[in-house]
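Asker: How does the following fold in three dimensions:
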Amino acid sequence: MKRHHPLLLLILSISTFFGLASAVDFVFNGFNSSDMLLYGVADIESRFLTLTNHTRFAIGRALYPSKVPAKSPNSSHVVPFSTSFIFSMAPYKDMIPGHGIVFLFAPVTGIEGTTSAQNLGFLNHTNNGNSINHVFGVEFDVFQNEEFDDISNNHVGINVNSLTSMSAHEAGYWPDNGKISSGGGNSSSEEDEKSFKRLQLNNGKNYQVWIDYLDFHINVTMAEAGKTRPQRPLLSVALNLSDVFLDEMYVGFTAATGKLVESHRILAWSFSNSNFSLSSELITSGLPSFVPPKKSIFQSKGFIAGITVGVFFCVVFCSVFSWFLIRWKRLRARRRRNGRMGIGVLASQNHSSGNRGGNQWFLGGKCDWNWGMERCTRVF
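Answerer: Prediction:
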């Protein structure tokens, strides 16, 4: 991992931009319609940049109105840049969420040459991978596409003229603990994975991203909005953009929906070619939350499933119990009926035989004969 000390950044910035009158710096804590060039379904709503809405298979792109310096004229020197933004991706009710946001540099305005869904409004199947695209992006992707070798359905990737990321990592960050691994964001040691805090990109929470490019090296860092910037970047990659950038480029964001739909919003944004600490001017507190409200426990799938299973077993139990109860009552009635029949038969036999004294036992009871009177009693 290559880290830049703030003082070193300042010195490098001053030396780099001495005489560079066209250096660009801006901060947007909320947006107006005049602040951005909007394409597709992109819009400004409540001063937030809304890239997509409920529309399926749609593209939303927003670009800073003027080109920014990207490369020194007639030179391979790439102009450094530092950008930070706060974004939110949130699912809509009763819709499966997808696909993602890309921070990008593009040579032209508009969305020609791009398609929606898994292409993110960044490129299309025809031009994907072409060196003449002159596009660079950092994607925040929530759908795993095998055709682009995506590592997961919740990753951050660095893309150069292609939808296949040259470097990618699961979205998240390493909390500061006083130890900075020399492996940077590409380390995969067991200790690193245990300390890594995963962030779900499209749960509606607000996340802040920092992207710094200097000396042919790029760092990408992210965390929950309002938290201090982690010391260790998520991605730290050597990258020469001299063949990718033109002298001037448009910079902004693109997002797309497909059969999968979710909202993509940019809440705040800073960009600078000279001031690598400009991100500190972003307002990160008091922002609205786009996290969907939790369902009542009585509406949850678990509760409904539990009630369904419980009712089923209750019905089965009651049915079996009723069946045994009916069987038991019928059996008891049959035994009583058989007992009465046995008493009547034996009593008739004893009477006809002239037996007028003593006890006569029979199935289910006995009869007493005394002084010409007969009495039969059932024994249970």
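
Asker: Quick check, pLDDT for G184.
Answerer: The score at G184 is 50. That number is its pLDDT.

Asker: Could you do N359 as well?
Answerer: 51.

Asker: ok, now the one 3 residues further on?
Answerer: According to the predicted model, the pLDDT of F362 comes to 46.

Asker: Could you do L346 as well?
Answerer: pLDDT at L346 comes out at 48.

Asker: From start to finish, how long is stretch 227-243 in a straight line?
Answerer: Counting by C-alpha to C-alpha, to the nearest Å, you get 36 Å between the two ends of stretch 227-243.

Asker: likewise stretch 96-107?
Answerer: 33 Å.

Asker: And for stretch 55-63?
Answerer: Length of stretch 55-63, first residue to last, C-alpha to C-alpha: 21 Å.

Asker: State the mean pLDDT of it.
Answerer: Regarding stretch 55-63, the rounded mean pLDDT is 98.

Asker: Pretty sure T52 sits against A255.
Answerer: Yes. With contacts counted by C-beta atoms under 8 Å, T52 reaches A255, the gap being 5.1 Å. The C-beta positions use only the backbone N, C-alpha and C, and glycine is treated the same way.

Asker: Which neighbours do the two have in common?
Answerer: The overlap between the contact sets of T52 and A255 (C-beta atoms under 8 Å, 6 or more residues apart in numbering) consists of I59, G60, H264.

Asker: which among the residues you listed end up buried?
Answerer: If you count burial by 16 or more other C-beta atoms under 10 Å, the buried members of the shared contacts of T52 and A255 come out as I59, G60, H264.

Asker: Between these, which sits nearest N206?
Answerer: N206 lies nearest to H264 out of these, by C-beta to C-beta, at 12.7 Å.

Asker: looking at the sheet around that closest one, what are its partners?
Answerer: Beta-bridge partners recorded for H264 (DSSP bridges): T52, M89.

Asker: which residues touch E262?
Answerer: By C-beta under 8 Å, 6+ apart, E262 lies in contact with T52, M89, A90, P91, Y92, M95, P97, G98, H99, V142, N202.

Asker: let's see it at 10 Å
Answerer: With contacts taken as C-beta atoms under 10 Å, 6 or more residues apart in numbering, E262 has the following neighbours: 52-54, 88-92, 95-100, 142, 201-202, 204, 255.

Asker: now V315
Answerer: V315 neighbours (C-beta under 10 Å, 6+ apart): none.

Asker: With Q144 instead?
Answerer: Q118, D150, I151, S152, N153, N154, H155.

Asker: What I need now is those written out in TSV, including secondary structure for each item.
Answerer: TSV is the format used below for the contacts of Q144 (DSSP: H, G, I helix; E, B strand; the rest coil):
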residue	secondary structure
Q118	helix
D150	coil
I151	coil
S152	coil
N153	coil
N154	coil
H155	strand
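
Asker: of those, closest to V320?
Answerer: Comparing the contacts of Q144 against V320 with C-beta to C-beta places N153 closest, at 46.1 Å.

Asker: Could I get the pLDDT score of that closest one?
Answerer: In this model, N153 carries a pLDDT of 97.

Asker: Is it correct that it is in contact with A168?
Answerer: No. Assessed by C-beta atoms under 10 Å, N153 is found out of contact with A168, at 12.0 Å.

Asker: Compare those two and say which is more crowded by neighbours.
Answerer: A168 (23 against 16; other C-beta atoms under 10 Å).

Asker: for W323, helix, strand, or coil?
Answerer: Here W323 takes the helix state, with states given by three-state DSSP.

Asker: Of T52 and A255, which one has the most company?
Answerer: A255 (32 against 27).

Asker: helix/strand/coil for the more buried one?
Answerer: Applying three-state DSSP: A255 is strand.

Asker: Show me what it is bridged to.
Answerer: Beta-bridge pairing for A255 (DSSP bridges): G60, I101.

Asker: How much space separates it from N240?
Answerer: Shown here: A255 relative to N240, a distance of 27 Å by C-beta to C-beta, to the nearest Å.

Asker: likewise E45?
Answerer: E45 is 38 Å from N240, where distance means C-beta to C-beta.

Asker: Likewise for L278?
Answerer: 24 Å.

Asker: neighbour-wise, which of the two wins?
Answerer: Using other C-beta under 10 Å as the criterion, L278 and N240 rank with L278 on top: 18 against 11.

Asker: Before we move on, what's the pLDDT of that one?
Answerer: On pLDDT, L278 comes in at 97.

Asker: Touching, it and F26? I think so.
Answerer: Yes. With contact defined as C-beta under 10 Å, L278 counts as touching F26 (8.5 Å).

Asker: Any chance you could list residues touching both of these two?
Answerer: Counting by C-beta under 10 Å, 6+ apart, the common neighbours of L278 and F26 are T83, S270, F271, S272.

Asker: Now distance to G30 and secondary structure too, for those residues, in a markdown table please.
Answerer: Conversion of these to a markdown table gives the following (distance: C-beta to C-beta, whole Å; DSSP: H, G, I helix; E, B strand; the rest coil):
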| residue | distance to G30 | secondary structure |
| --- | --- | --- |
| T83 | 17 | strand |
| S270 | 12 | strand |
| F271 | 15 | strand |
| S272 | 18 | strand |
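
Asker: Do you have the strands of the stretch 51-200 of the chain handy? List them.
Answerer: Applying DSSP state E, counting those that start in this stretch to the stretch 51-200 of the chain gives strands spanning 59-63, 68-69, 81-91, 100-106, 136-141, 155-160, 167-170, 172-173, 197-198.

Asker: now V220, which residues is it bridged with?
Answerer: Beta bridges link V220 to I211, L235 when assigned by DSSP bridges.

Asker: Let me know the pLDDT of it.
Answerer: Confidence score, pLDDT, at V220: 98.
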